[in-house]
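**Q** have a look; sequence and predicted model below, questions after that.
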Amino acid sequence: PGYEGQWCQTCKNCDKKCGEIRACAECNLFNTGPGKYTDTCGDCSYLKALHVEDIRPNQYDPRKSKTISQNGTCKIVDDTGCDLTFWYGYEDEYPENDSDDENDDYYYEDDEDDDGTLVVWTSNIDKVCPPLEDKDVAEACSKKTTCMDCSRSPGCGWCSSPHLEMKSRCSSIKENEKMCPTERREEKFNSVPTIIKESKEQTSRWSKAQLHPQQVELAMNVGDIQYLDFTYLFISSGTSLTHDLPENVDLKIFSSCGGDNLLTEISRCSGIFNGVTVKFYARFHLKSCPEKSSDWEKSYKLTLSQGDVLDIDLKMFCSCSCDKFSTDGICRNDKKTFLDINPCAEKNSCSECLQDSACNWCSDSKFSYFDGSPLPRCNNDNFFTSDLCNGNGKVDPPRALTGSEDCSTCNHTCSGGICEEHKQDLLDLNMCVSQLTCGDCMKEDGCAWCPQTDGAPRCNLVSKWIVGNEKRNDPNKHECQEDLYVDRSTISTDKIEFLQNSDYIYEDSPMPDMTDNTVEITMKEGQSYNLELLLKINLDHRNFEEHQKFDEVKLMMKSRDEKSLSYVKLKYDYVCKGRKCTNDDIVKNLDELSFSASIELTECPDRG
């Protein structure tokens with residue numbers, strides 16, 4: 001059963017079995033994987049792991065055994081990027097005393113209640129790894145001719161400096177750090193999952209959030225593997241886990257599903273008692289970049305069958321900062337510029353753009369690069385920036401406009417959006433001029449809104465407006481004929497200490513009255529504001545466990561307004577003794593714990 005083919009050589013259920021045994025097999029054979037991550041290799045005594053190179057004459061060899069059954073083959077990518085193959089089977093007569101001495105007696109396990117001893121084995125030739133030596137990495141990287149290809153190659157780094165003459169600008173990350181100025185290195189992501197939202201707001205004192213955290217941010221390079229820990233409080237006895245991640249992201253979820261079960265790959269946990277919290281480990285592997293650039297930054301969902309959702313904001317490093325109009329960085333070995341490979345970007349208006357059938361225009365006011373900097377609105381149809389335009393804002397008729405046609409006609413209109421641009425605004429990184437309403441203008445950093453102008457855009461950089469008695473002889477500045485609306489957001493720059501801090505506030509605690517801990521903040525939508533928060537560790541009032549780690553102390557937002565937290569995003573890093581906390585930091589060894597926090601109003605509530 002479970003096998004097919006003329007000689008029963010094909011295992012129909014091997015993928016499932018590989019998921020069940022992977023954590024233990026990978027950990028014991030290769031010292032990597034989820035078992036290594038969770039430090040549970042010692043729980044894997046149920047299987048025997050063998051390297052065929054270590055098998056000596058007269059020792060047990062699963063490849064030659066006539067009593068092994070239910071064989072299968074597993075192929076995986078480990079946490080270091082190596083392609084691994086291992087085999088498994090159940091041995092009815094596995095020797096307890098596996099000596100190579102011919103005079104030693106063999107003693108075999110004899111358990112009629114199971115399938116025998118699970119044996120896993122591999123060989124050195126079945127572990128294929130990317131280059132490890134820096135010179136080998138550098139040689140492989142040097143074959144990449146563009147920054148985009150370089151950025152998608154694990155271990156490679158690109159130097160965009162126009163002041164250096166280089167045969168190949170792609171090298172190993174180590175070599176790039178030696179030869180390239182810091183400000184000209186195309187730095188890849190270097191992060192772990194960031195918790196954006198730890199818990200959801202309680203609708204009553206008795207409504208407890210089951211899923212922690214609620215929202216995370218992942219920033220990944222091609223080839224990266226990241227683990228995300230999350231927990232779920234069971235009310236029903238079981239739950240299934242599904243996700244909508246794209247095919248280029250491999251997600252495996254591991255858990256013991258509570259109790260004494262072993263760590264295995266799962267898609268469902270069942271038979272869990274009410275009130276039990278189970279820990280899960282999600283393993284993300286970014287295999288490649290999506291074809292469409294609009295998918296390089298996107299939000300996805302990990303959904304539990306009871307309706308709880310973990311939101312995953314995924315950023316993929318798939319292009320470089322030199323892949324923009326507003327830079328002098330070199331992004332290709334052949335030194336072709338942004339305009340050389342995207343000539344449509346030279347055009348300044350929608351009508352001019354669409355007279356070329358190879359071009360399309362983006363009228364969306366939100367059109368920008370991933371870092372928020374403006375992009376030319378006219379782009380070649382096959383150039384990656386074209387996909388960054390919101391579908392409703394893209395103007396792309398099936399044929400080129402004739403001399404008598406323009407972008408004001410109903411079939412291909414830019415009406416209601418942006419119909420022309422000035423390249424100097426792109427060079428100035430001026431996103432203000434693309435904002436069409438006062439509300440949108442106020443969301444952008446450094447912008448001011450004028451209700452009545454002399455023909456200039458109503459939204460512009462503050463530095464572009466004539467203020468007070470300033471002279472009116474600068475052609476790059478404009479006069480506002482009414483009162484100018486500017487950013488009035490405020491936030492404390494002082495380190496803020498938690499006061500009256502004698503006990504924890506738990507998730508199911510009512511909202512406390514802590515007037516000493518109040519900070520006035522005025523925020524505008526879309527902007528991040530930094531806060532320094534300080535927690536003094538008072539061991540006399542806190543029941544810390546002996547080895548409780550720093551990251552078990554969490555910040556959680558609470559509010560008397562049950563809807564308010566849905567508009568606020570909180571991120572934070574831990575600071576221990578003036579530096580970033582490490583795994584060696586435990587609470588009992590700290591006098592204080594600091595949080596370097598960032599808070600953002602993601603959208604304005606409907607009511608004031």
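**A** Received it, and whenever you're ready, just let me know what you need.

**Q** what residues does stretch 322-335 touch?
**A** Stretch 322-335 is touched from outside by 145-148, 158, 160-162, 167-170, 184, 186, 320-321, 338-339, 341, 345, 369, 373-376, 384, 423, 426-427, 429, with contacts defined as CB atoms under 8 Å, 6 or more residues apart in numbering. C-betas here are computed from N, CA, C, even on glycine.

**Q** endpoints of that stretch, how far apart?
**A** Using CA to CA, to the nearest Å, the span of stretch 322-335 from its first residue to its last is 11 Å.

**Q** which residues of the stretch 201-350 of the chain fall in helices?
**A** Applying DSSP state H, counting those that start in this stretch to the stretch 201-350 of the chain gives helices spanning 338-341, 350-353.

**Q** I'd like the ones you listed written out as JSON lines, with mean neighbour count added.
**A** What follows is the helices of the stretch 201-350 of the chain, written out as JSON lines (neighbours: other CB atoms under 10 Å):
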{"stretch": "helix 338-341", "mean neighbour count": "14"}
{"stretch": "helix 350-353", "mean neighbour count": "24"}
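
**Q** so for residue 263, which of the ones you listed sits nearest?
**A** Judged by CB to CB, the one of the helices of the stretch 201-350 of the chain that comes nearest to residue 263 is helix 338-341, at 48.2 Å.

**Q** mean confidence score for that closest one?
**A** When the per-residue pLDDT values of helix 338-341 are averaged, the result is 95.

**Q** returning to that earlier point: could you dump the helices of the stretch 201-350 of the chain to TSV with distance to residue 248?
**A** Listed next are the helices of the stretch 201-350 of the chain as TSV, based on distance: least, CB to CB, whole Å:
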stretch	distance to residue 248
helix 338-341	24
helix 350-353	31
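
**Q** out of those helices, the one nearest residue 178 is which?
**A** Distances from residue 178 to each of the helices of the stretch 201-350 of the chain were compared using CB to CB; the minimum, 27.8 Å, belongs to helix 338-341.

**Q** who touches the helix or strand hosting residue 573?
**A** In this structure, residue 573 is located in strand 568-576 according to DSSP states H and E. Contacts with strand 568-576, where a contact means CB under 8 Å, 6+ apart, come from 194-198, 215, 217, 533, 550-551, 555, 557, 580-582, 585, 590, 593-602.

**Q** so of those, which ones are in strands?
**A** Among these, the members found in strands (DSSP state E) are 194-197, 215, 217, 533, 580, 593-601.

**Q** what's the PyMOL line that selects buried ones from those?
**A** A single PyMOL command is used to select the members of these judged buried by 16 or more other CB atoms under 10 Å:
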select buried, resi 194+195+196+197+215+217+533+593+594+595+597+599+600+601
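
**Q** what sits closest to residue 37 if chain neighbours are left out?
**A** The spatially closest residue to residue 37, leaving aside those adjacent along the chain, is residue 227, at 5.4 Å (CB to CB, 6 or more residues apart in numbering).

**Q** contacting residues around the one you found?
**A** For residue 227, the set of contacting residues under the criterion of CB under 8 Å, 6+ apart consists of 34, 37, 193, 281-284.

**Q** swap in 7 Å and give it another go.
**A** Residues in contact with residue 227, defined by CB atoms under 7 Å, 6 or more residues apart in numbering, are 37, 281-283.

**Q** show me which pair in those is furthest apart.
**A** Every pair of those checked by CB to CB; the farthest is 37 and 282, at 11.0 Å.

**Q** higher neighbour count, those two?
**A** Set side by side, residue 37 and residue 282 give different neighbour counts by other CB atoms under 10 Å, the larger being at residue 282 (23 against 18).

**Q** what's the closest non-adjacent residue to the more buried one?
**A** Distances taken as CB to CB, 6+ apart place residue 228 nearest to residue 282, at 4.4 Å, with adjacent residues excluded.

**Q** isn't that neighbour right next to residue 193, touching?
**A** Yes - in this structure residue 228 lies within contact range of residue 193 using CB atoms under 7 Å: 4.6 Å.

**Q** shared neighbours, those two?
**A** The contact sets of residue 228 and residue 193 overlap at residue 216 (CB under 7 Å, 6+ apart).
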